[in-house]
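Enquirer: sequence and computational prediction follow.
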Amino acid sequence: MEMDIAGGDENQPTNKKDVANQIAVNDKTVQQMTHGFVALFEKELDQVQYSLREALTKQEKMGVELERLNSEHTMESRQDCQELFYMMKELTDKLHLIKKRMMNMHQRVKHLKKRSESLLKHRDREINILRQKQMQEEDLIAKPNPN
């Protein structure tokens with residue numbers, strides 16, 4: 001029994017023709033296996049590709065729609081904000097004017113109240129002076145002269 005130096009495998013080709021045949025068989029086997037794998041997963045791969053294309057198309061449509069809505073919303077929001085700030089400035093100015101008027105009215109009421117108190121005191125003094133003069137006159141008129 002002779003032993004082959006290459007490892008003793010009986011299926012190993014020994015000449016160039018056998019090597020070429022073995023390569024052709026291996027290529028054919030690889031092609032058949034490749035076709036088998038492709039056939040096995042081709043339907044699922046096509047479904048995944050279709051779903052991916054559909055998702056990308058929807059994503060692009062949504063992106064365009066969102067961009068359009070964003071630009072519309074942004075313009076409207078800017079106008080609304082500008083109107084709001086303008087109205088806020090007007091109302092703030094009105095509020096300051098009302099506050100100023102109220103402070104002015106408060107000062108005037110305070111001044112008029114002091115003036116009123118002063119006039120009341122002056123009137124009371126005048127009334128007291130008149131009563132005293134009237135009492136003096138009554139005292140003078142009511143007393144008979146002893147002479």
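Expert: Yep, that arrived.

Enquirer: check the offset of the helix or strand M75 falls within from the chain's centre.
Expert: Here M75 sits within helix 16-142, counting by DSSP states H and E. Computed by CA atoms, centre = their mean, to the nearest Å, the chain-centroid distance of helix 16-142 equals 6 Å.

Enquirer: quick one: mean pLDDT over it.
Expert: In this model, helix 16-142 carries a mean pLDDT of 86.

Enquirer: check which helices and strands it sits against.
Expert: Helices and strands touching helix 16-142, by 3 or more CB pairs under 8 Å, 6 or more residues apart in numbering; DSSP states H and E: there are none. (Each C-beta comes from the backbone N, C-alpha and C, glycine too.)

Enquirer: number of nearby residues for H111?
Expert: For H111, the neighbour count with other CB atoms under 10 Å is 10.

Enquirer: now it: how far from H122?
Expert: 16 Å (CB to CB, to the nearest Å).

Enquirer: and if you look at E67?
Expert: E67 is 81 Å from H122, by CB to CB.

Enquirer: with E60 instead?
Expert: Between E60 and H122 the computed distance is 91 Å (CB to CB).

Enquirer: again, but for A20
Expert: When A20 is compared with H122 (using CB to CB), they lie 140 Å apart.

Enquirer: tell me, what residue is most central in the chain?
Expert: Closest residue to the average C-alpha location of the chain: S77 at 11.1 Å, with CA atoms, centre = their mean.

Enquirer: how about the CA coordinates for stretch 61-75, as CSV?
Expert: What follows is stretch 61-75, C-alpha atoms only, in CSV (Å, rounded to 0.1, in the frame of the first residue of the first chain):
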residue,chain,number,x,y,z
LYS,A,61,-43.0,63.4,0.7
MET,A,62,-43.3,64.0,4.5
GLY,A,63,-40.0,66.0,4.4
VAL,A,64,-41.3,68.2,1.6
GLU,A,65,-44.7,68.6,3.4
LEU,A,66,-43.1,69.4,6.7
GLU,A,67,-40.8,71.9,5.1
ARG,A,68,-43.8,73.6,3.4
LEU,A,69,-45.8,73.6,6.7
ASN,A,70,-42.8,74.9,8.6
SER,A,71,-42.2,77.8,6.2
GLU,A,72,-45.9,78.7,6.3
HIS,A,73,-46.1,78.4,10.0
THR,A,74,-42.9,80.3,10.5
MET,A,75,-44.1,83.3,8.4
